[in-house]
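1. Everything below, folded, please.
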Amino acid sequence: MSRQRRGLAAAPLVVAASLTLAACGGGSEESVVDPAPPATRASLSAAAPEAPPLPAAPESALVVPQPRPLQAGASRWATVLRSTVARALPRADSAAVGELSTQTEEGTTNIVLVVGRVQDADGRLWIRARLPVLPNNTVGWVPREALGGYGEVDTHLVVDRTRLTATLFRTGRKIFEAPVGIGQDQWPTPVGRFYIRNRLTSYDSPMYGPLAFGTSARSAVLTDWPAGGFVGIHGTDQPDILPGRVSHGCIRLRNDDILRLDELMPVGTPLTVRA
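-> Numbering: from 1, shown residues only. All right, here's what the predicted structure looks like:
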């Protein structure tokens, strides 16, 4: 090929290279040569207003409170969110000691009294709870995910079968006391540690008084409390028979006393029945 032809063949390559550099912003004269002299650049820079400072980042709307320890004299309870099995040990393969449903036999939300917790080797959290099952005083381990949030109470009801009294304490201080009727010898009120499971007004009648509390205690022999032998705390239309061993296992108070107790004792309150 002649020298003239080689020069013509190379020309398109040079033009193509120049266009490529210009498209990249690094090969055109405008990108390399600043048409304004240094003094003009300085004056333009000085005339440009300063950008306002950025506003501070807004605080998060989600505030996660720090877990607080349980106060002295207080107790925790939790609702049952889904039916589950309580185990003898905090393991899924441990023996069952009871079954929990989401509702009580009276149709109210089921709850358990929390007495401990532990995390297993797999990181699963288990709650140790008092259970509304026979035999009385049964405790079992329940998966934490089967329960709802905690409720907290600072009250404790003590029923003394010898003195025939019911005494309510708040953070260890006595705030209520009244005479009671308990089960007869053949239908004894069970002894042990329980809790107030629900508050009921549907049993308003001369026999049960203006309202009743359901407990986790159950009669192993017989009770006049419906829905499976659960022991109740309720009023009576026979206040003159109190105190005494007069019931089929339930705990009876005068109507004025049960109404006063209702003002002071929330659901979830621990219950101790002493011999």
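
2. middle-most residue in the protein, spatially?
-> Residue closest to the average C-alpha location in the chain (Cα atoms, centre = their mean): residue 149, at 0.7 Å.

3. Please identify the helix or strand for that one.
-> Using DSSP states H and E, residue 149 maps to strand 147-153.

4. can you check residue 203 too?
-> Short version, using DSSP H and E: residue 203 is in no helix or strand.

5. any idea how far it is from residue 232?
-> 8 Å (Cβ to Cβ, to the nearest Å). Where C-beta positions appear, they are placed from N, C-alpha and C, glycine not excepted.

6. before we move on, what about residue 145?
-> Separation of residue 145 from residue 232 (Cβ to Cβ) stands at 31 Å.

7. ok, those two, which is more surrounded?
-> Ranked by neighbour count (other Cβ atoms under 10 Å), residue 145 and residue 232 place residue 232 first, with 25 against 11.

8. which residues touch residue 79?
-> Neighbour list for residue 79: 102, 109, 110, 111, 147, 148, 149, 151 [criterion: Cβ atoms under 8 Å, 6 or more residues apart in numbering].

9. where does the nearest residue to residue 257 once chain neighbours are set aside land on pLDDT?
-> Leaving aside its chain neighbours, residue 257 sits nearest to residue 178 (3.9 Å; criterion: Cβ to Cβ, 6 or more residues apart in numbering). pLDDT, residue 178: 98.

10. same question, residue 239
-> 94.

11. Quickly note the distance from it to residue 175.
-> 22 Å.

12. neighbour count winner among those two?
-> Just comparing residue 239 and residue 175: by other Cβ under 10 Å the higher neighbour count belongs to residue 239, 16 against 12.

13. what are the phi and psi angles of that one?
-> Main-chain torsions, residue 239, degrees, to the nearest 10: phi -60, psi -20.

14. do the same with the one 4 residues further on
-> In terms of degrees, to the nearest 10, the main-chain angles of residue 243 are phi -80, psi 160.

15. thinking it is in contact with residue 162, fair?
-> No: if you go by Cβ atoms under 8 Å, residue 243 and residue 162 don't touch, sitting 10.8 Å apart.

16. Looking at the two, which one has more neighbours?
-> residue 243 (17 against 8).

17. gap between stretch 252-262 and the chain center?
-> Here stretch 252-262 is found 30 Å from its chain centre; the criterion is Cα atoms, centre = their mean, to the nearest Å.

18. that's a helix at residue 145, yeah?
-> Yes: per DSSP: H, G, I helix; E, B strand; the rest coil, residue 145 lies within a helix segment.

19. and residue 251, how many neighbours?
-> Residue 251, neighbours per other Cβ under 10 Å, totals 27.

20. again with residue 155
-> Per other Cβ under 10 Å, the neighbour tally for residue 155 reads 20.

21. just to revisit the earlier point, could you measure from the residue nearest to residue 257 over to residue 119?
-> From residue 178 to residue 119 the distance is 42 Å (Cβ to Cβ).

22. Also residue 244?
-> Noted for residue 244: a distance of 49 Å to residue 119, by Cβ to Cβ.

23. With neighbour numbers in mind, choose between the two.
-> Ranked by neighbour count (other Cβ under 10 Å), residue 244 and residue 119 place residue 244 first, with 14 against 11.

24. Okay, and the beta partners of that one?
-> On the basis of DSSP bridges, residue 244 is bridged to residue 181.

25. measure it to residue 74 for me?
-> 34 Å.

26. The residue nearest to residue 182 when sequence neighbours are not counted: how many residues sit nearby?
-> Among residues not flanking residue 182 along the chain, residue 189 sits closest, at 4.4 Å (Cβ to Cβ, 6+ apart). Taking other Cβ under 10 Å as the criterion, the count of residues near residue 189 is 24.

27. per-residue confidence for residue 135?
-> 94.

28. No further queries at this time; thank you.
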